[in-house]
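Engineer: how would this look folded up:
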Amino acid sequence: MKKPTIFFSLIISVTLLSLFGCSTSKLTVELVGDTVKSGIGAFYEESDYELARNALESNIKLIEVFYKAAPTSDDIRMLLAQAYGGYSYVFLDTELVNSPRDKEKSLRIGARMNEFYSRGLKYGLSVLNDDVIIKRALDTNDLDLLENELDLIKDEEVLFWTSFNWALLVNANRTSSDRLIELPKIKALLDRTIELKKSYFHGAPLALKGVIECSMPKMLGGKPQDGAALMEEALKISERKFLIVQLLYAQYCAPALQDKKLFARLVDEIQKAPLGEGDVVLINNAVKLKTPQIKASISELFVEE
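Structural biologist: Numbering: from 1, shown residues only. Below is the predicted model of the structure:
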């Protein structure tokens with residue numbers, strides 16, 4: 001069984017930080033950030049779900065130690081955005097989906113998800129807000145200015161993980177009109193991500209935008225047919241091996257289209273598919289854990305004929 005050992009060097013480096021001065025500490029942090037960033041795939045390759053959860057839980061705060069030492073490090077900030085967002089979706093959301101009848105537990109998990117997505121979003125936005133024009137555009141809701149300035153951003157990773165945390169935070173609070181009006185800004189970030197590299201993380205930017213198109217009310221510009229097309233493109237890019245695409249397609253687009261056959265076909269595909277190999281394993285594991293309960297909620301997703 002492969003273990004996510006990519007964070008081991010962090011433990012050694014914490015000791016180094018206490019031994020050397022400020023400039024050396026910052027250099028150490030930058031080196032560690034590069035090492036962890038290049039090895040993050042080992043975490044996603046972990047097939048033992050609980051081992052992966054325990055590993056991430058114990059290391060999020062450790063990465064924040066490095067953030068305190070180097071608060072302007074893009075690598076450290078994006079590791080935190082990815083860690084908080086990934087933990088919330090892979091572990092907390094899975095737990096929430098599988099606790100539909102425990103209202104007290106659901107409220108507790110939901111509150112933690114809100115907090116974690118908010119933290120992930122904070123770190124992602126802090127990188128984007130280093131550009132003072134982007135910060136002004138986001139603060140003033142100036143979409144034209146935002147879209148123009150995003151043309152200068154060349155880092156799809158920053159754009160995707162900021163969008164990921166933001167979109168899932170909005171989804172967790174989808175009854176809030178204050179949150180729903182943030183969707184156009186998220187779409188702008190995703191559009192730029194797709195322009196830069198639509199194949200990033202097996203087509204995840206396409207799938208995330210597909211969710212927004214399918215879940216956004218039509219009166220606010222939602223386009224379910226466009227969302228389904230984005231999902232189909234993501235399936236091609238991932239070669240149908242990244243099962244989160246099938247899950248999101250079934251969970252959001254099939255109900256928006258009221259296509260029960262599509263829903264059933266996608267759910268069946270997930271349940272029959274192997275975990276796969278490489279950096280899809282952990283997320284595929286989480287998808288398989290969520291799918292039975294989502295399948296059982298079919299009566300809530302479709303209008304009875």
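
Engineer: buried sites along stretch 275-294?
Structural biologist: Neighbour-count burial for stretch 275-294 flags 276, 279-291, 294 (criterion: 16 or more other C-beta atoms under 10 Å). All C-beta spots, glycine's among them, are computed from the backbone N, C-alpha and C.

Engineer: distance of the closest residue to residue 209 other than its chain neighbours from residue 208?
Structural biologist: Distances taken as C-beta to C-beta, 6 or more residues apart in numbering place residue 190 nearest to residue 209, at 4.5 Å, with adjacent residues excluded. Taking C-beta to C-beta, to the nearest Å as the measure, residue 190 falls 6 Å from residue 208.

Engineer: and which of the buried residues of stretch 275-294 is nearest to residue 166?
Structural biologist: Nearest to residue 166 among those is residue 283, at 19.1 Å by C-beta to C-beta.

Engineer: Once you drop chain neighbours, what's closest to the closest one?
Structural biologist: residue 244 (5.4 Å).

Engineer: how many neighbours does the nearest residue to residue 250 once chain neighbours are set aside have?
Structural biologist: Among residues not flanking residue 250 along the chain, residue 266 sits closest, at 3.9 Å (C-beta to C-beta, 6+ apart). Using other C-beta atoms under 10 Å, residue 266 has 25 neighbouring residues.

Engineer: Just the CA trace of whichever strand or helix holds residue 266, in PDB.
Structural biologist: Using DSSP states H and E, residue 266 maps to helix 260-272. The C-alpha coordinates for helix 260-272 follow below in PDB (Å, rounded to 0.1, in the frame of the first residue of the first chain):
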ATOM      1  CA  LYS A 260     -33.400  10.300 -15.600                       C
ATOM      2  CA  LYS A 261     -31.800   7.800 -18.100                       C
ATOM      3  CA  LEU A 262     -28.600   9.900 -18.200                       C
ATOM      4  CA  PHE A 263     -28.500   9.900 -14.400                       C
ATOM      5  CA  ALA A 264     -29.000   6.100 -14.200                       C
ATOM      6  CA  ARG A 265     -26.300   5.500 -16.900                       C
ATOM      7  CA  LEU A 266     -23.700   7.700 -15.100                       C
ATOM      8  CA  VAL A 267     -24.400   6.200 -11.700                       C
ATOM      9  CA  ASP A 268     -24.100   2.700 -13.100                       C
ATOM     10  CA  GLU A 269     -20.800   3.600 -14.800                       C
ATOM     11  CA  ILE A 270     -19.400   4.900 -11.500                       C
ATOM     12  CA  GLN A 271     -20.400   1.800  -9.600                       C
ATOM     13  CA  LYS A 272     -18.900  -0.600 -12.200                       C
END
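
Engineer: Please state the offset of the following helix or strand past it from the chain centre?
Structural biologist: Sequence order places helix 281-296 as the next helix or strand after helix 260-272, per DSSP H and E. How far helix 281-296 lies from its chain's middle: 16 Å, per C-alpha atoms, centre = their mean, to the nearest Å.

Engineer: Could you list every helix and strand in contact with helix 281-296?
Structural biologist: helix 41-44, helix 49-69, helix 94-97, helix 243-248, helix 260-272 (3 or more C-beta pairs under 8 Å, 6 or more residues apart in numbering; DSSP states H and E).

Engineer: let's see 10 Å
Structural biologist: helix 41-44, helix 49-69, helix 74-87, helix 94-97, helix 200-215, helix 243-248, helix 260-272, helix 298-301 (3 or more C-beta pairs under 10 Å, 6 or more residues apart in numbering; DSSP states H and E).
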